[in-house]
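Peer 1: What follows is a protein structure lacking sequence information:
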């Protein structure tokens, strides 16, 4: 709830003050002395007073069956924890399982061709059947098909949202979200009530790659958000896989470019 205090600065503060309450009770000079905080952010921390709002959020979350996991929680996904920008807090609906360490992300076009759709369904089913957890973003197209393939195979799947877990997007995936929560989980770093704003999705993509051993891009234009996920995977030292496509198809521009690289 504090502007400009993201995961990296949060972890920096925790490494120095150890406990969240000590951050808020610290002297402003001690906060200012922390690298990357500065006087503006130090003042924001000292002047923060919306504790009633936080109490209400926690009460609401308890009623919805959503779990809050912090970085030091033993259930916090181990692969995600290894990344530099792992969120200090994630919201989870469903269950995180130790076997989710063996996860593959599948991403791609929101408007796939018949070829892309068939590849997404086949590969997600095959990977889920041999024990991989399928991670994606529950968007239209390749994402949704990949979640469905994993569920058909009786495997596990994780959806990472770019909104609060009470603001499912796209809305027509409500039934799919319920199935994902029953055979894996929904995850978000955004508090309840957060709308699916455009700027949230690039941030969401780093969690998709961070939760996975590797990212499989099936179909993507040269401007696709799937390529953002692939770039995050490279930054996080994860594997990147790309399915070749028709050289005359715009939907394969991004995947073929990945192969050329």
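Peer 2: Good, I have the coordinates. These numbers were taken from a predicted model, which means no experiment stands behind them.
Peer 1: What is the subsequent helix or strand relative to the worst-scoring helix or strand of the chain on mean pLDDT?
Peer 2: Lowest on mean pLDDT, DSSP states H and E among the helices and strands of the chain sits helix 51-64, with a mean of 90. Once the chain leaves helix 51-64, the next helix or strand it forms, by DSSP states H and E, is strand 67-70.
Peer 1: one step back: list of residues touching the least confident helix or strand of the chain?
Peer 2: Residues from elsewhere that reach helix 51-64 (CB atoms under 8 Å, 6 or more residues apart in numbering): 1, 68, 91, 93, 165, 166, 191, 192. (C-beta placed from N, C-alpha, C; glycine too.)
Peer 1: Run through the helices of the stretch 51-200 of the chain in chain order.
Peer 2: Per DSSP state H, counting those that start in this stretch, the stretch 51-200 of the chain carries helices over the ranges 51-64, 78-81, 114-129, 142-152, 174-182, 200-210.
Peer 1: surely residue 180 meets residue 92?
Peer 2: No - applying CB atoms under 8 Å, one finds residue 180 not in contact with residue 92, separated by 11.7 Å.
Peer 1: Looking at these two, which has the bigger crowd around it?
Peer 2: residue 180 (26 against 21; other CB atoms under 10 Å).
Peer 1: residues in contact with the more buried one?
Peer 2: Applying CB under 8 Å, 6+ apart to residue 180 gives the contacts 94, 138, 147, 151, 157, 158, 159, 186.
Peer 1: residue contacts, the residue nearest to residue 87 when sequence neighbours are not counted?
Peer 2: Spatially, and ignoring its direct neighbours in sequence, residue 87 is nearest to residue 189 (3.9 Å; CB to CB, 6 or more residues apart in numbering). Residue 189 sits next to 87, 89, 90, 91, 203, 204, 207 when contact means CB under 8 Å, 6+ apart.
Peer 1: Quick check: pLDDT value at residue 133.
Peer 2: Per-residue pLDDT puts residue 133 at 98.
Peer 1: which residues pair with it across the strands?
Peer 2: residue 103 (DSSP bridges).
Peer 1: quick revisit: now do the phi/psi pair for the residue nearest to residue 87.
Peer 2: Per-residue torsions, residue 189: phi -100, psi 0 (degrees, to the nearest 10).
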